[in-house]
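Novice: task: produce atomic coordinates for the following.
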Amino acid sequence: MTTVLAPVEGAAVGLAAVPDPVFSAGMVGPGTAIDPLREPGMAVAPIAGKIMKLHPHAYVIVGDDGRGVLVHLGIDTVQLKGEGFTLLAAEGDRVRAGQPVVAWDPSVVEAGGRSPVCPVVALDAVAGSVWGVAAGTVHVGDELFRWH
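Specialist: Below is the predicted model:
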């Protein structure tokens with residue numbers, strides 16, 4: 001079993017609340033989403049492992065068990081070309097759960113007309129393998145869901 005931690009602070013709202021059909025329909029995988037606080041903060045590693053992909057607006061961490069978790073900071077944020085995001089780690093780095101990966105400001109994302117909602121997805125997971133999904137307020141490092 002893999003315990004996935006909240007990478008950002010805010011309200012766990014579920015994937016159905018993500019304003020992007022690829023995420024909201026679960027096409028990327030099961031998980032949940034966090035509507036973040038509108039203030040500058042750090043997005044952290046939801047699991048311990050290796051950063052396999054790192055973009056300013058999104059990252060994938062793969063644990064020693066081969067399971068990957070995607071954190072996407074906002075929707076359509078790739079269009080920002082990194083503006084408003086500061087990388088705190090590098091692709092290929094090993095990170096511990098809760099270690100800061102990206103600094104960002106959700107209010108800047110929202111001011112630019114984009115949703116700051118953050119999908120957190122268990123990649124290549126089968127339907128029903130994610131349970132114990134948090135609801136309501138979550139703090140960085142709180143348990144967000146379990147993957148078995």
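Novice: now do Ala127, the pLDDT please.
Specialist: On the pLDDT scale, Ala127 is placed at 82.
Novice: who's in contact with it?
Specialist: Ala127 makes contacts with Gly26, Pro30, as judged by Cβ atoms under 8 Å, 6 or more residues apart in numbering. C-beta coordinates here come from the backbone N, C-alpha and C atoms, glycine included.
Novice: next, count neighbours for the residue lying closest to Gly49 once chain neighbours are set aside.
Specialist: Nearest residue to Gly49, sequence neighbours excluded (Cβ to Cβ, 6 or more residues apart in numbering): Gly63, at 3.9 Å. Counted with other Cβ atoms under 10 Å, residues neighbouring Gly63 total 18.
Novice: what lies in contact with stretch 104-112?
Specialist: 8, 10, 36-41, 43, 56, 73-74, 77, 80, 84-86, 115-116.
Novice: can I get the top helix by length along the chain as PDB, trimmed to CA atoms?
Specialist: When the chain is parsed with DSSP state H, its longest helix is helix 106-111. Extracted C-alpha coordinates of helix 106-111, given in PDB (Å, rounded to 0.1, in the frame of the first residue of the first chain):
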ATOM      1  CA  PRO A 106      -2.000  30.000  -6.700                       C
ATOM      2  CA  SER A 107      -3.400  33.600  -6.600                       C
ATOM      3  CA  VAL A 108      -1.200  34.500  -9.500                       C
ATOM      4  CA  VAL A 109      -2.400  31.500 -11.500                       C
ATOM      5  CA  GLU A 110      -6.000  32.500 -10.700                       C
ATOM      6  CA  ALA A 111      -5.400  36.200 -11.600                       C
END
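Novice: which residues in this protein form strands?
Specialist: For the chain, the strands defined by DSSP state E occupy 2-5, 10-12, 31-36, 41-44, 49-55, 58-62, 68-72, 85-87, 94-95, 100-104, 118-122, 130-131, 136-138, 143-147.
Novice: okay, the angle between the third one and strand 118-122?
Specialist: An angle of 160 degrees separates the directions of strand 31-36 and strand 118-122 when computed by axes from the mean of the first three to the mean of the last three Cα atoms, to 10 degrees.
Novice: and strand 31-36, what does it pack onto?
Specialist: Packing partners of strand 31-36 (3 or more Cβ pairs under 8 Å, 6 or more residues apart in numbering; DSSP states H and E): strand 10-12, strand 118-122, strand 143-147.
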